[in-house]
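Enquirer: got a structure for you, letters missing:
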């Protein structure tokens, strides 16, 4: 087993998943503004450190995705943030793309940037303690989108990124997110997501990326957020697994779903439904941001000095996600 595959296994097996705290300063400011907490470096650190020092980190979280600001910060306990995360048994990771920018000749679509100078930045992040990375591509669904140009451009960038990350001794998370925005049905999401993921792997293979040393972070197969055709959790699970089977090579060790626009409970329930019928070789878990943090953030915002209450709220959510990653979650357990 390769060293990269060892890292993957530590992150995504035994009911563990990924805590995504890689919100940019702009995004985190919006989240803090929404709960009326000033967005200062100190407050951003305080909230994240509160999560990282929670009890359930050691049982439920295998990896934490950080943002450039956070990986360079020192906690109040005088440990660096990567040291604090490592002390819980989780592996520190880092978002390395520089954002989705307008795609030339297709102004409604985006292409993710960040390849310039990436090799040097990866060396720095490795020294700071990171052992995995994330790069997110975004795609929209409509009658004409995602275009072939968007699908190809983003897949090519993801493959170049993944090759550089493995060269630097880290595991790349490949995140092609087909957004929930729109009134499309789940079948259309299935077709477009399958096409996007297949193209990503074509490019990864061309770039000689070791698939055993990667993690896929896709969206679940869902109807668009303004669709009138809602489907139940079982149907979501069946379509999502079907998509993985037709588009993901069997060498990929694990899938860590993003939560997208789902609520905390929806993201948990749907992950559980997928694992109840998972007949693939993939470890299927979570890489959640809002779906792990939202309740804790709301609680914390009422009294940022109430560390224990915030941690209790986070611990519950992390436990629920971990159970879902094993197909052991239920609505009864959720409400206890």
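Expert: The structure has been received and is ready for your questions. Since this is a predicted model, take the numbers as computed values, not measurements.
Enquirer: specify the local secondary structure of residue 94.
Expert: Under DSSP: H, G, I helix; E, B strand; the rest coil, residue 94 falls in the strand class.
Enquirer: for residue 301, give me its contacts.
Expert: Taking C-beta atoms under 8 Å, 6 or more residues apart in numbering, we find residue 301 in contact with 32, 35, 36, 37. Heads up, the C-betas are built off the backbone N, CA and C, glycines and all.
Enquirer: nope, residue 152 is what I was after
Expert: The neighbourhood of residue 152, defined by C-beta under 8 Å, 6+ apart, consists of residue 199.
Enquirer: and if you look at the one 10 residues further on?
Expert: Residue 162 makes contact with 135, 172, 174, 204, 207, 209, 214 under the criterion C-beta under 8 Å, 6+ apart.
Enquirer: if you set the cut-off to 10 Å instead, what comes out?
Expert: By C-beta atoms under 10 Å, 6 or more residues apart in numbering, the residues touching residue 162 are 133, 135, 171-174, 200, 203-204, 207-211, 213-214.
Enquirer: related to what we said a few turns ago, out of the contacts of residue 301, which comes closest to residue 330?
Expert: Ranked by distance to residue 330 (C-beta to C-beta), the contacts of residue 301 are led by residue 35 at 29.5 Å.
Enquirer: what strand or helix carries the closest residue to the closest one other than its chain neighbours?
Expert: Distances taken as C-beta to C-beta, 6 or more residues apart in numbering put residue 301 closest to residue 35, at 3.5 Å, once the chain neighbours are dropped. According to DSSP states H and E, residue 301 maps onto helix 290-302.
Enquirer: so how far is that helix off the chain centroid?
Expert: 17 Å (C-alpha atoms, centre = their mean, to the nearest Å).
Enquirer: buried residues in that helix?
Expert: 290, 291, 292, 293, 294, 295, 296, 297, 299, 300, 301 (16 or more other C-beta atoms under 10 Å).
Enquirer: from the contacts of residue 162, which is closest to residue 86?
Expert: The nearest member of these to residue 86, counting by C-beta to C-beta, is residue 171 at 15.2 Å.
Enquirer: report how many residues lie close to the closest one.
Expert: By other C-beta atoms under 10 Å, the residues close to residue 171 number 28.
Enquirer: if the nearest residue to it once chain neighbours are set aside is in a bridge, with which residues?
Expert: Distance criterion C-beta to C-beta, 6+ apart; nearest residue to residue 171, sequence neighbours excluded, is residue 132 at 4.0 Å. Under DSSP bridges, the beta-bridge partners of residue 132 are residue 93, residue 171.
Enquirer: test my guess that residue 132 contacts residue 170.
Expert: Yes. When contacts are counted by C-beta atoms under 10 Å, residue 132 is listed as touching residue 170 (5.5 Å).
Enquirer: so what sits against both of those two?
Expert: Taking C-beta under 10 Å, 6+ apart as the criterion, residue 132 and residue 170 both touch 4, 7, 91, 93, 94, 125, 213.
Enquirer: residues contacting the residue located most distally from the centre of the chain?
Expert: Distance from the C-alpha centroid of the chain peaks at residue 105, with 28.8 Å (C-alpha atoms, centre = their mean). With contacts defined as C-beta under 10 Å, 6+ apart, the neighbours of residue 105 are 147, 149, 153.
Enquirer: how about the residue sitting nearest the centre point of the chain, secondary structure?
Expert: In the chain, the residue lying closest to the centroid (C-alpha atoms, centre = their mean) is residue 287, at 3.6 Å. With three-state DSSP as the basis, the three-state label of residue 287 is strand.
Enquirer: and it, bridged to which residues?
Expert: Taking DSSP bridges as the rule, residue 287 bridges to residue 18.
Enquirer: which residues touch it?
Expert: Contacts for residue 287 (C-beta under 10 Å, 6+ apart) come out as 11-12, 17-20, 62-63, 65, 93, 134, 173, 175, 215-218, 255-259.
Enquirer: give me that answer again for 7 Å
Expert: Listed by C-beta atoms under 7 Å, 6 or more residues apart in numbering, the contact partners of residue 287 are 17, 18, 20, 217, 256, 257, 258.
Enquirer: which one of these sits closest to residue 50?
Expert: For the contacts of residue 287, with residue 50 as the reference and C-beta to C-beta as the criterion, the closest is residue 20, at 16.0 Å.
Enquirer: in the stretch 51-200 of the chain, which spans are helices?
Expert: Under the criterion DSSP state H, counting those that start in this stretch, helices of the stretch 51-200 of the chain are mapped to 57-60, 68-71, 81-87, 118-128, 148-167, 186-206.
Enquirer: so what does the first one touch, helix or strand wise?
Expert: Using 3 or more C-beta pairs under 7 Å, 6 or more residues apart in numbering; DSSP states H and E, the elements in contact with helix 57-60 are helix 307-324.
Enquirer: what angle separates the helix it packs on from helix 290-302?
Expert: 170 degrees (axes from the mean of the first three to the mean of the last three C-alpha atoms, to 10 degrees).
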